[in-house]
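[1] sequence unavailable; structure follows:
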Ligand SMILES: NCc1[nH]cc(CCC(=O)O)c1CC(=O)O
């Protein structure tokens, strides 16, 4: 194979992320690549993410394209990828993770603690909404959707950033702040809009946030130059961290729309996992940590499941409405 094909969604974030990975793989293999545009349900539905039921709307169409052979590789934001791995596809590489944190983009350079009482904060994520409400019960959380640019455009005084051809455009600047993943903003070169990186001690990110997953058919990952390049791109500390975060999410039976945050990291010879399950209204949270010295994918998976079981025994399912 002298060329490989990469499927991508059409959003600015998706094409940027996919482009970076494809360039890296072309560099490692010396092979050219071609990009195949794939429309997903998540891109065409304008309802709220919470109502969409979340899980997998962004990934499903790309997976069909892989299985049908319309592309060789697909690059997903790991946090949008359902925890159940479908038959006939493998995650061949998880590149080094970038910034894991959520970012506040507020008017007038404000920090979270400086937002006036009753300020409006936009997010489509029940996880962010619950943790923000827990930190600041006075805030008015507004359910928003759309691409990164569209959402930034909701902040009062912001220039129009819509990158969706105007489909999601609304009366501009109606909110005091929005919360987005720092990773997405940085990949798009929009980090200047960030007024505060939210401390994971206050707001834990989504399982897998800031990480990408390169998915393909098993034979693509088995032999050949592309397979070798995929192995080279894979980052073990990131793979261990996201494996434990996603195992926790799977064991809690939560999808990307559940009020569940998790963040793991390899430090010295340990994998450390912090997790939170929140009441959707932010009145209460269960936050726990665990660690293991078993630095294997199996060890990471067990860590996530054990922490989830502990949280379930403490009432996590009832609290979060799982
Ligand atoms: N759900 C959409 C989505 N999927 C991945 C990212 C950002 C990049 C990442 O977290 O890896 C975003 C946007 C956001 O949450 O602000």
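    Here it is on my side, so go on. In this text the structure is predicted, and so the values were computed from the model without any measurement.
[2] quickly list the domain ranges of the protein.
    1-95+211-234, 102-197, 235-314 (automatic domain parsing).
[3] who does the closest residue to residue 89 other than its chain neighbours bridge with?
    Spatial nearest neighbour of residue 89, chain neighbours left out: residue 215 (5.4 Å); criterion: Cβ to Cβ, 6 or more residues apart in numbering. For glycine as for every other residue, the C-beta is placed from the backbone atoms N, C-alpha and C. Applying DSSP bridges to residue 215 gives these bridge partners: residue 74, residue 91.
[4] burial count for residue 215?
    Neighbourhood size, residue 215 [other Cβ atoms under 10 Å]: 24.
[5] repeat for residue 132
    26.
[6] which helices and strands does the helix or strand hosting it pack with?
    Secondary structure from DSSP states H and E places residue 132 in helix 126-135. If contacts are counted by 3 or more Cβ pairs under 8 Å, 6 or more residues apart in numbering; DSSP states H and E, helix 126-135 sits against strand 140-142, strand 260-267, strand 270-278, strand 285-292.
[7] need these in JSON lines with mean neighbour count, distance to the ligand and mean pLDDT, can you?
    Converted to JSON lines, the helices and strands packed on helix 126-135 look like this (neighbours: other Cβ atoms under 10 Å; distance: least, Cβ to the nearest ligand atom, whole Å; pLDDT from 0 to 100):
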{"stretch": "strand 140-142", "mean neighbour count": "17", "distance to the ligand": "15", "mean pLDDT": "98"}
{"stretch": "strand 260-267", "mean neighbour count": "23", "distance to the ligand": "12", "mean pLDDT": "98"}
{"stretch": "strand 270-278", "mean neighbour count": "23", "distance to the ligand": "17", "mean pLDDT": "98"}
{"stretch": "strand 285-292", "mean neighbour count": "17", "distance to the ligand": "20", "mean pLDDT": "98"}
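[8] would you reformat those as JSON lines and include distance to residue 100?
    Formatted as JSON lines, the helices and strands packed on helix 126-135 follow (distance: least, Cβ to Cβ, whole Å):
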{"stretch": "strand 140-142", "distance to residue 100": "22"}
{"stretch": "strand 260-267", "distance to residue 100": "6"}
{"stretch": "strand 270-278", "distance to residue 100": "11"}
{"stretch": "strand 285-292", "distance to residue 100": "16"}
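[9] which one of these lies nearest to residue 88?
    Proximity to residue 88, assessed across those by Cβ to Cβ, is greatest for strand 260-267 (27.5 Å).
[10] neighbouring contacts of the closest one?
    100, 127, 131, 200, 203-207, 209, 237, 240-242, 244-245, 248-249, 252, 254, 271-278, 295, 300, 303-304, 320 (Cβ atoms under 8 Å, 6 or more residues apart in numbering).
[11] strand partners of it, parallel vs antiparallel please.
    With DSSP bridges as the test, strand 260-267 pairs up with strand 270-278 (antiparallel).
[12] just the angle between the strand it pairs with and helix 126-135, please?
    Interaxial angle, strand 270-278 versus helix 126-135 (axes from the mean of the first three to the mean of the last three Cα atoms, to 10 degrees): 80 degrees.
[13] from the middle of its chain, how far away would strand 270-278 be?
    Distance, stretch centre to chain centre, for strand 270-278: 16 Å (Cα atoms, centre = their mean, to the nearest Å).
[14] same check, this time on stretch 61-77
    Counting by Cα atoms, centre = their mean, stretch 61-77 comes out at 18 Å from the chain centroid.
[15] strands along the chain, start to end?
    Using DSSP state E, the strands of the chain run over 3-8, 32-37, 73-77, 90-93, 102-106, 120-122, 140-142, 177-181, 196-197, 212-216, 260-267, 270-278, 285-292.
[16] who does the fourth one touch, helix- and strand-wise?
    Using 3+ Cβ pairs under 8 Å, 6+ apart, the elements in contact with strand 90-93 are strand 212-216, helix 218-222, helix 225-233.
[17] distance to the ligand and mean pLDDT added to those, as CSV?
    Shown next, in CSV, are these (distance: least, Cβ to the nearest ligand atom, whole Å; pLDDT from 0 to 100):
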stretch, distance to the ligand, mean pLDDT
strand 212-216, 7, 98
helix 218-222, 22, 97
helix 225-233, 16, 98
